[in-house]
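Engineer: Sequence first, then the predicted structure:
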There are 2 protein chains.
Amino acid sequence: MTSVLNTIFRQCRSVHSTQVIQRSLSLSARCLTAKIIDGTAIAKTIKDEVKAEIDEIKAAGKIPPHLSVILVGENPASKTYIKNKFKAAEYTGITSELINLPIDTTEEELLKLINKLNNDDNVHGLLVQLPVPEHITEKRVMNSVAPHKDVDGFHTLNVGCFCVDEKAFIPATPAGVMEMLRRTGIETFGKNAVVCGRSKNVGMPIAMLLHADGIYETEAGDATTTICHRYTPPEQLRVFTKTADIIVVATGIPGLIKADMIKEGCTIIDVGINRVKDEKTGKMKMVGDVDFEGVKEKAGYITPVPGGVGPMTVAMLMKNTLQAYKKEVNFDHYKSSLGLS
Amino acid sequence: MTSVLNTIFRQCRSVHSTQVIQRSLSLSARCLTAKIIDGTAIAKTIKDEVKAEIDEIKAAGKIPPHLSVILVGENPASKTYIKNKFKAAEYTGITSELINLPIDTTEEELLKLINKLNNDDNVHGLLVQLPVPEHITEKRVMNSVAPHKDVDGFHTLNVGCFCVDEKAFIPATPAGVMEMLRRTGIETFGKNAVVCGRSKNVGMPIAMLLHADGIYETEAGDATTTICHRYTPPEQLRVFTKTADIIVVATGIPGLIKADMIKEGCTIIDVGINRVKDEKTGKMKMVGDVDFEGVKEKAGYITPVPGGVGPMTVAMLMKNTLQAYKKEVNFDHYKSSLGLS
């Protein structure tokens, strides 16, 4: 019996990180059940690294990084997201402030406030919690935050920079996805990656980071990368997901990726956050874009929802804020062409 | 016999454009031979459109668009490229000037000249012919050209803009590839596209334009898009090219794409320009990245080299220069975040 178990264990792929935990219920099933990538644990490690640096900063008598968040209106979901960010900020030692403007704030008033914070040396990271009310143009707001304080990575100059593999603030979710892959020891070099979803703050940046050359500043993944989206016919989506060693799903469609669409042993990163009714309990629950119960029996690695990409996003925002404080990302070399020098 | 021929003709796919010419030698082989996409003819149409607009501008008594080109050193290939650009400029009515600096020009001197031309209202389009000598940092030069005069589309703010589907100067080669597909009537929506090569001025922008949402300012292609590159294993490259309805090849590897790697009836856009020795004549000749003779028997559409993408690139540069003149691409809304207002 022992030798049979040993054989089974030898067949199992090795765990590359202590943060990959195995949740299978029976010993004999282990080889067939995906390793769960514990986003909460990886996020904690990152926050601890940020905290350690900030502890040193404070020990040297300097002021710590400061993150300002602007919220227009009273959207409850936005308030929850901000609460999570501030909790992580407090943990790491980043000081933070919420500037909650009334719902009827005009675009001009908002831009004026952003401009004031852009010029305030005590503010290192600045973000406007999305969505903004309809009378305000989201894109204009995103592009009003000074790029060197744009810890969300939404300013077009930041987008351009990471698209040409230059150091930039990478949006927290794509940055979190790449960090999860790296810290779990999942190889991307020369592998097939499929990204489902092409949004400009999640799918597109992930595809950029997965396919590009790893020797440059973004430390990209060198994977052959396919971008699937709403106009990919279902039968073609299946063709591509079946070729994939890594699938990143960010579509907002619960249960889109099913077990019969994937290759055995592949890695599944589920960026989806969907609230659906639990058929058994009748209560609302949070699920991703992947049919977790089915897929986890076939995949090699999988992220859960909740507890996967979500906590990573908050941790990467803290890392971006520390980078902003350390002035690791700057755009001074663009000044001459933009009429600034 | 007539009815057999009619049957053959009915089986042939319809020609969507008068600019697609058929070069097969025998009637009965027509269905099996790709339609050649005549880049020279499509480029002429575009240049004629640009010329017509400039004729109107001049008829209204206004000065026409002006393109300044800086060349550092005496690279013969660069001189040929510039000559082709100036020939097209003259044809369309764009005035142009070459500023040929000595090879030992310092980076500071070059940047000073760029800055002067950035501020010269009589210069509408400005480009520095690449490559620059080794003692000059190419990226710094590219990002010194004012983005609203950057008709090459190499400035990072331009890159960011087209990556978020905003109107921008799209680099001439990617713009030319998309224009060829459109004017030939080749559907991209919901199709499978494979881009071989991930360079920042060709492969990457083409992948962005092929996959993104067509409803925005870049009129992108809505294709499911796979980016293959040097680290895509050959057997995997074949898996992807075989799924493709459209293959764009920009790798610099002569004959990379062979007939047995493609799906019958697909469209092949060959961006490669390689000088190789002709085995029969012993003379140097220009070839693309596709095994043209083999592939043309199986593809639906194919671009030749020379006479395919090459002329399109020059034509799109003229179109970009006209756009710059008409101030259709501007970056004023970025000024506040960059400390300009």
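Structural biologist: That came through, no problem. Numbering: from 1, shown residues only, chains lettered A, B, ... in the order given.

Engineer: which ones are touching the residue of the stretch 101-250 of chain A found nearest chain B?
Structural biologist: Closest residue of the stretch 101-250 of chain A to chain B, Cβ to the nearest Cβ: A:G160 (2.8 Å). For the C-beta atoms, the positions are set from N, CA and C on the backbone; glycine is no exception. Taking Cβ atoms under 8 Å, 6 or more residues apart in numbering or on different chains, we find A:G160 in contact with B:T156, B:L157, B:N158, B:V159, B:G160, B:C161, B:C163.

Engineer: just curious, which of these is nearest to chain A?
Structural biologist: Chain A lies nearest to B:G160 out of these, by Cβ to the nearest Cβ, at 2.8 Å.

Engineer: Assign a three-state SS to that closest one, would you?
Structural biologist: Here B:G160 is helix, with the state taken from DSSP: H, G, I helix; E, B strand; the rest coil.

Engineer: So for it, what's the nearest residue that isn't a sequence neighbour?
Structural biologist: For B:G160, ignoring the flanking residues on the chain, the nearest one in space by Cβ to Cβ, 6 or more residues apart in numbering or on different chains is A:G160 at 2.8 Å.

Engineer: ok, now A:G300?
Structural biologist: A:G265 (4.0 Å).

Engineer: Name the next helix or strand following the longest helix seen in chain A along the chain.
Structural biologist: Counting residues, the longest helix in chain A under DSSP state H turns out to be helix A:39-59. Where DSSP states H and E defines the elements, the next helix or strand beyond helix A:39-59 is strand A:66-72.

Engineer: Pull out the buried positions in the next helix or strand after that next one.
Structural biologist: As assigned by DSSP H and E, the chain's next helix or strand after strand A:66-72 is helix A:76-92. Residues of helix A:76-92 classed as buried by neighbour count (16 or more other Cβ atoms under 10 Å in any protein chain shown): A:S78, A:Y81, A:I82, A:K85, A:F86, A:A88, A:A89, A:Y91, A:T92.

Engineer: Output stretch A:40-51 as PDB - backbone C-alpha positions only.
Structural biologist: C-alpha atoms of stretch A:40-51 as PDB (Å, rounded to 0.1, in the frame of the first residue of the first chain):
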ATOM      1  CA  THR A  40      -4.700  35.600   0.400                       C
ATOM      2  CA  ALA A  41      -1.400  34.000   1.600                       C
ATOM      3  CA  ILE A  42       0.700  35.400  -1.300                       C
ATOM      4  CA  ALA A  43      -0.900  38.800  -0.800                       C
ATOM      5  CA  LYS A  44       0.100  38.700   2.800                       C
ATOM      6  CA  THR A  45       3.700  38.000   1.900                       C
ATOM      7  CA  ILE A  46       3.700  41.000  -0.400                       C
ATOM      8  CA  LYS A  47       2.100  43.200   2.200                       C
ATOM      9  CA  ASP A  48       4.700  42.000   4.700                       C
ATOM     10  CA  GLU A  49       7.500  42.900   2.200                       C
ATOM     11  CA  VAL A  50       6.000  46.400   1.700                       C
ATOM     12  CA  LYS A  51       5.600  46.800   5.500                       C
END
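
Engineer: and it, how far from the chain's centre?
Structural biologist: The chain centroid and the centroid of stretch A:40-51 are separated by 14 Å under Cα atoms, centre = their mean, to the nearest Å.

Engineer: Mind listing residues that contact it?
Structural biologist: With Cβ under 8 Å, 6+ apart, stretch A:40-51 has contacts from A:19, A:21, A:88, A:91-94, A:176, A:179-180, A:183-184, A:307, A:311-312, A:314-316, A:318-319, A:322.

Engineer: repeat for stretch A:244-258
Structural biologist: Contacts of stretch A:244-258 (Cβ under 8 Å, 6+ apart): A:173, A:177, A:181, A:186, A:188, A:191-197, A:199, A:202-203, A:206, A:210, A:223, A:226, A:230, A:241, A:262-263, A:266-272, A:274, A:276, A:287-291, A:294-295.

Engineer: Please indicate which of those residues are buried?
Structural biologist: Counted by 16+ other Cβ under 10 Å, these give A:173, A:177, A:181, A:186, A:188, A:191-197, A:199, A:202-203, A:206, A:210, A:223, A:226, A:241, A:262, A:266-272, A:274, A:287-291, A:294-295 as buried.

Engineer: So, low pLDDT: which residues of chain A?
Structural biologist: A:1-32, A:339-341 (pLDDT under 70).

Engineer: What segments of it are strands?
Structural biologist: Taking DSSP state E as the criterion, chain A carries its strands at A:20-21, A:35-37, A:66-72, A:95-101, A:125-128, A:192-196, A:224-228, A:246-249, A:267-270, A:274-277, A:284-287, A:301-302.

Engineer: that older thread, keep only those of the buried ones among the contacts of stretch A:244-258 that are also close to chain B.
Structural biologist: Contacts with chain B within the buried ones among the contacts of stretch A:244-258, counted by Cβ under 8 Å from any Cβ of the partner chain: A:N192, A:T226.

Engineer: one step back: just give the number of residues close to the residue nearest to A:G300.
Structural biologist: By the criterion of other Cβ atoms under 10 Å in any protein chain shown, A:G265 has 13 neighbours.

Engineer: what's the answer for A:G185, then?
Structural biologist: Look at A:G185: counted by other Cβ under 10 Å, it has 13 neighbours.

Engineer: Just read off the phi/psi values of it.
Structural biologist: The phi and psi values for A:G185, taken as degrees, to the nearest 10, are phi 80, psi 20.

Engineer: How about the closest residue to A:E90 other than its chain neighbours: which residues does it bridge to?
Structural biologist: Distances taken as Cβ to Cβ, 6+ apart put A:S96 closest to A:E90, at 7.5 Å, once the chain neighbours are dropped. Taking DSSP bridges as the rule, A:S96 bridges to A:L67.

Engineer: Thought A:V69 was touching A:S96, still the case?
Structural biologist: Yes. With contact defined as Cβ atoms under 8 Å, A:S96 and A:V69 form a contacting pair (6.7 Å).

Engineer: And those two? Which one has more around it.
Structural biologist: Higher neighbour count among A:S96 and A:V69: A:V69, with 21 against 18, using other Cβ under 10 Å.

Engineer: ok, the more buried one - contacts?
Structural biologist: Contact analysis of A:V69 by Cβ under 8 Å, 6+ apart lists A:I82, A:K85, A:F86, A:S96, A:E97, A:L98, A:I99, A:L126, A:L127, A:V128, A:Q129.

Engineer: Then A:P64?
Structural biologist: A:I54, A:I57, A:K58, A:G93, A:I94, A:T95, A:Y325.

Engineer: repeat that for 7 Å
Structural biologist: A:I54, A:I57, A:K58, A:G93, A:I94, A:T95 (Cβ atoms under 7 Å, 6 or more residues apart in numbering or on different chains).

Engineer: just the buried members of those residues?
Structural biologist: Among the contacts of A:P64, the ones that count as buried (16+ other Cβ under 10 Å) are A:I54, A:I57, A:G93, A:I94, A:T95.

Engineer: Quick check: the two most widely separated of those residues?
Structural biologist: Longest distance between any two of the buried ones among the contacts of A:P64 is 11.5 Å, between A:I57 and A:T95; criterion Cβ to Cβ.

Engineer: how close does the residue positioned nearest the centre of chain A sit to A:A315?
Structural biologist: In chain A, the residue lying closest to the centroid (Cα atoms, centre = their mean) is A:T173, at 1.6 Å. Applying Cβ to Cβ, to the nearest Å, the value for A:T173 to A:A315 is 11 Å.
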